[in-house]
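Engineer: next input, structure requested:
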Amino acid sequence: MTHQVITHQAMDDQNSADPTTKRDTSQNRVRAFDFARGLAVLFMIMIHVLNSYGTSEVHESGIGIGLQAFIDWPSASVFVFVMGGLIVQASKGSLSAGLKRALGLFLLGYLLNFMRSSLPMWLSIQMGLVTYEQLGKYTPTSEFFVGDIFQFAGFAYAFCITIRHYLPDARYWLAAAVLIMFGSPYLWDLSVDWGASNEFFKLLWGDTSQGAVFPFFPWVTYCLAGMCFGQWLKRSQDHHGVFNKALLLAVVLMAIGAAIIWTNPEFHAPHHLRAGPGLLITISGYVLLWMFICQQVVVRVPPGRFLDTFYFWGKNVTAFYIIHWLLIGWGHMLVGANRLDTTSTLLSMVGVLVVSHFILKGWVAFSEAKNSKAKKAEVASRSTQTPA
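Structural biologist: Got it, this is the predicted structure:
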């Protein structure tokens, strides 16, 4: 999900077999993917601000319950699903280069943990803004070792590009998704008495109480499902038709998932961050519904600033994600944790979004200028070389 900053490109529908897909041919991207990621990161900001700043009364209010019910659990799932789709849409590079990128994502997760949580928490303690007693089980050290989206993304990216490299048939990806979907509950909470090894295992199948927000099992299921969808799109000449068929598939999956959950709710739907097979199927259907809706928006809404903003967020989602978390993390030193009322929490959502957007624009402009300068220097260097 990354250090690259991709500028907005003009659309070239004439080069696409299906112009309604709104594909950015210059980057071989499906616009619905970028819009979905931009929308997902918007929802993530709202939820992260709510969870970080809102009081318990805000969480229990109608607004808080509504945000958590309709925005919280699907947004990250869509994000991971699109990650899988983009893996397939992107041209194949070397496996070693992909694995290095996966390692970079994994390490970026711990760097973000330190910058957004451990450091401001430690400074707050030193400045007397908070005490260890008030923090309870949370410490600068525990916050550093939280397994969040980047740690998961590193694992998932490495796994998915490896399976794509050695097993290019999407039927294997689907089989792996089903196997992980139904096998994950039997791995949960396994541990060994070997010191730091449990820090590794929690990333694979831990839960939030252990500091694993997005455990590999079962979250990689969404990434594999996204790969299957991306392959479906890639091989079809009627991309818009694929999204329409996805709507029917979404309804079927949600119905099947709901029926499975009904047989044993405690096993199939313990929590959306560590879902059982029934809930995984249900959420997968909901994600496909989201993708259908995003495609309809991309097709039906005239090009303009509205869509361009979401495309911009979606294409630069890694930088945007980091920026908003740094603002929220350091904001704790100003407003504390879970102390804002409903109005203040909603205003904070708007504030974090707006400030993050403009910082991102500045970062993109700086990166583009730096890259342009480097290219000009390279061209000048080549032009001064005397041919052998």
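
Engineer: elements contacting the helix ranked longest in the chain?
Structural biologist: Ranked by number of residues, the top helix in the chain under DSSP state H is helix 342-384. Helix 342-384 makes packing contacts with helix 31-53, helix 56-60, helix 62-67, helix 305-315, helix 317-335 when contacts are defined by 3 or more Cβ pairs under 8 Å, 6 or more residues apart in numbering; DSSP states H and E. In this view, the C-beta of every residue, glycine as well, is placed from N, C-alpha and C.

Engineer: which residue is the nearest non-sequential neighbour of the spatially most central residue of the chain?
Structural biologist: Taking Cα atoms, centre = their mean, the centroid of the chain lies closest to residue 79, which sits 3.8 Å from it. Distances taken as Cβ to Cβ, 6 or more residues apart in numbering place residue 40 nearest to residue 79, at 4.5 Å, with adjacent residues excluded.

Engineer: check contacts around the one you found.
Structural biologist: With contact set as Cβ atoms under 8 Å, 6 or more residues apart in numbering, residue 40 has these partners: 75, 76, 78, 79, 82.

Engineer: that one and residue 47: what is the separation?
Structural biologist: Here residue 40 is placed at a distance of 10 Å from residue 47 (Cβ to Cβ, to the nearest Å).

Engineer: intersection of neighbour lists for these two?
Structural biologist: With contacts defined as Cβ under 8 Å, 6+ apart, the residues shared by residue 40 and residue 47 are residue 75.

Engineer: highest neighbour count among the contacts of residue 40?
Structural biologist: The most neighbours of any of these, using other Cβ atoms under 10 Å, belong to residue 82, which has 31 neighbours.

Engineer: okay, and it sits in which element?
Structural biologist: Taking DSSP states H and E as the definition, one finds residue 82 inside helix 73-89.

Engineer: what residues of that helix count as buried?
Structural biologist: Along helix 73-89, the positions that meet the burial threshold by neighbour count (16 or more other Cβ atoms under 10 Å) are 73-89.

Engineer: thinking again about what came up before, now the longest helix of the chain: average pLDDT?
Structural biologist: When the per-residue pLDDT values of helix 342-384 are averaged, the result is 89.

Engineer: I'd like to know how many residues surround residue 101.
Structural biologist: Using other Cβ under 10 Å, the number of residues around residue 101 comes to 18.

Engineer: check which helix or strand it maps to.
Structural biologist: Using DSSP H and E, the element containing residue 101 is helix 95-113.

Engineer: give me the below-cutoff pLDDT ranges for the stretch 1-150 of the chain.
Structural biologist: Per-residue confidence for the stretch 1-150 of the chain (pLDDT under 70) gives these ranges: 1-29.

Engineer: still on that earlier bit, report the angle between the helix holding residue 82 and helix 95-113.
Structural biologist: Angle, helix 73-89 to helix 95-113, by axes from the mean of the first three to the mean of the last three Cα atoms, to 10 degrees: 150 degrees.

Engineer: okay, helix 73-89 in CSV with CA atoms only?
Structural biologist: This file holds the C-alpha atoms of helix 73-89, laid out as CSV (Å, rounded to 0.1, in the frame of the first residue of the first chain):
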residue,chain,number,x,y,z
TRP,A,73,-15.9,-2.7,9.6
PRO,A,74,-16.1,-2.4,5.8
SER,A,75,-13.5,0.3,5.1
ALA,A,76,-10.3,-1.6,5.9
SER,A,77,-11.7,-4.7,4.1
VAL,A,78,-12.2,-2.6,1.0
PHE,A,79,-8.7,-1.3,1.3
VAL,A,80,-7.2,-4.8,1.5
PHE,A,81,-9.4,-6.1,-1.3
VAL,A,82,-8.3,-3.3,-3.6
MET,A,83,-4.7,-4.0,-2.7
GLY,A,84,-5.2,-7.5,-4.1
GLY,A,85,-6.8,-6.2,-7.2
LEU,A,86,-4.0,-3.8,-7.9
ILE,A,87,-1.4,-6.5,-7.4
VAL,A,88,-2.9,-8.3,-10.5
GLN,A,89,-3.5,-5.1,-12.4
